[in-house]
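[1] generate coordinates for the sequence data below:
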Amino acid sequence: MPADTPTLSITFRSDLNLLIARWLRDVSKSELQQGYTEVLQAAIRHQAGNWLIDSRRRSQSNAEMVDWLAQEYLPELSPALNNRPVHLACLVAATWQPGTTPATPLAVLAQSSTLAAKNEYQVQLFSDEGAATSWLQQTANR
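    This is a model prediction of the structure:
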């Protein structure tokens, strides 16, 4: 069942065991925190460890948002889902280029080498929804 707000659309695809969160516009830090809290609640309801985060309609970020995701939110995901790893495919606009245009907080983190060492969660950037879904399906089959 979809859950929609003015800032975020959340849908669970049971056929793919995939949670899809689509940001609908740029958001403030409090909206980001509220939205990601709702995404985690939906993931817990569905026991979904594979998430497609569509950030294509967003471009703004700031250090506080990135820090909150890295320090508080992402470390909580696996414990909240019974210590299962969480895979996040972050969709960005096809024309987005790292380092040349603003990035969403999750896209900033996906480019960070500190994420590579995490076993609890994995974040990858994609500009194609099909490739992102394929990657998530491959992680589910491991």
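
[2] check this structure for its longest helix and report it.
    Across the chain, the longest stretch assigned as helix under DSSP state H is helix 29-46.

[3] state the mean pLDDT of the helix or strand following that helix.
    Next along the chain after helix 29-46, taking DSSP states H and E as the criterion, comes strand 50-54. Confidence over strand 50-54 (mean pLDDT, whole number) is 95.

[4] just list whatever residues bridge to the residue sitting nearest the centre point of the chain.
    Nearest residue to the geometric centre of the chain (CA atoms, centre = their mean): Ile53, 3.9 Å. Judged by DSSP bridges, the bridge partners of Ile53 are Ala21, Cys90.

[5] for it, give me its contacts.
    Ala21, Trp23, Val39, Leu88, Ala89, Cys90, Leu91, Leu106 (CB atoms under 8 Å, 6 or more residues apart in numbering). Placement of C-beta: from N, CA and C, glycine included.

[6] against Leu74, how distant is it?
    From Ile53 across to Leu74, the span is 12 Å (CB to CB, to the nearest Å).

[7] same thing with Trp51?
    For Trp51, the distance to Leu74 - CB to CB - is 11 Å.

[8] do Phe126 as well
    18 Å.

[9] same thing with Trp68?
    9 Å.

[10] higher neighbour count, those two?
    Here Trp68 and Leu74 are set side by side on neighbour count (other CB atoms under 10 Å), and the busier one is Leu74, at 20 against 17.

[11] double-check that that one belongs to a helix.
    Yes. Following the definition DSSP: H, G, I helix; E, B strand; the rest coil, Leu74 is counted among the residues of a helix.
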